[in-house]
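1. I would like the atomic coordinates for the input below:
(one chain, ligands or ions: 1)
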Amino acid sequence: MSDLRELYQEVILDHHKNPRNFRILEGANRTAEGYNPLCGDRITIYLQLQGDVITDISFQGVGCAISKASASMMTTRLKGKTRAEAEALFGKFHRVVTGQRDLAPDGPELGKLEVFAGVSEFPVRVKCASLAWHTLRAALDGGSQTVSTE
Ligand code: ZN
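-> This next block holds a predicted model:
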């Protein structure tokens, strides 16, 4: 288990140090900002949405390793996915990070996003891990207000 935990930390630190898709997306037609006051994480999600498909996605922001790694991994998973696929992944991710996986074990495989399962024991960290996803949903919904985890 400790080996696994170390591996998880490595994955998170890697994405924190070298975040993927960390840029302003030229030609984005949806953006949203998210804020987690408990930790101070701030994030902006940029989307290029064509019809129902996320053709490109990026993010910018400042925050802790967990919030940044979560956003980075989310962007790598969602490029080319439909809104419905993104929602399904968010639903599964949310159940896992809040420790409710057993309530509805079905859904898409999380793959590397499983590294965030450990945050379920730490309510503040749950907000760090979910911030990017809540912000994504706001961007998909076309809202322009800042989403807060509070
Ligand atoms: Zn945080």
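2. I'd like to know how far K81 sits from A117.
-> 21 Å (C-beta to C-beta, to the nearest Å). Every residue, glycine included, has its C-beta placed from N, CA and C.
3. Same question for P108.
-> The gap separating P108 from A117 is 15 Å, by C-beta to C-beta.
4. Please enumerate the strands of the protein.
-> For the chain, the strands defined by DSSP state E cover 30-36, 41-50, 53-62, 147-148.
5. Could you list every helix and strand in contact with the second one?
-> Strand 41-50 makes packing contacts with strand 30-36, strand 53-62, helix 65-78, helix 123-141 when contacts are defined by 3 or more C-beta pairs under 8 Å, 6 or more residues apart in numbering; DSSP states H and E.
6. Next to the ion, which bits of this structure? Give me the list.
-> Residues of the chain lying near the ion by C-beta under 5 Å from the ion: 39, 41, 64, 67, 128.
7. contacting residues for E150?
-> 37-38 (C-beta atoms under 8 Å, 6 or more residues apart in numbering).
8. swap the cut-off to 10 Å and go again
-> The contact partners of E150, taken as C-beta atoms under 10 Å, 6 or more residues apart in numbering, are 35-38, 127.
9. Touching, K68 and G61? I think so.
-> Yes: counting by C-beta atoms under 10 Å, G61 is a contact partner of K68 at 7.2 Å.
10. Compare these two (neighbour count), which wins?
-> A side-by-side neighbour count of K68 and G61, using other C-beta atoms under 10 Å, places K68 first with 24 against 20.
11. Run a quick neighbour tally on the closest residue to the more buried one other than its chain neighbours.
-> Distances taken as C-beta to C-beta, 6 or more residues apart in numbering place H16 nearest to K68, at 5.0 Å, with adjacent residues excluded. For H16, the number of neighbouring residues by other C-beta under 10 Å comes to 17.
12. next one: Q100
-> Neighbour tally, Q100, other C-beta under 10 Å: 12.
13. Point out where the chain drops to low pLDDT.
-> Residues of the chain meeting the criterion pLDDT under 70: 1-4, 143-145.
14. one step back: and the contacts of E150, which is closest to the ion?
-> Among the contacts of E150, N36 lies closest to the ion (C-beta to the ion), at 5.8 Å.
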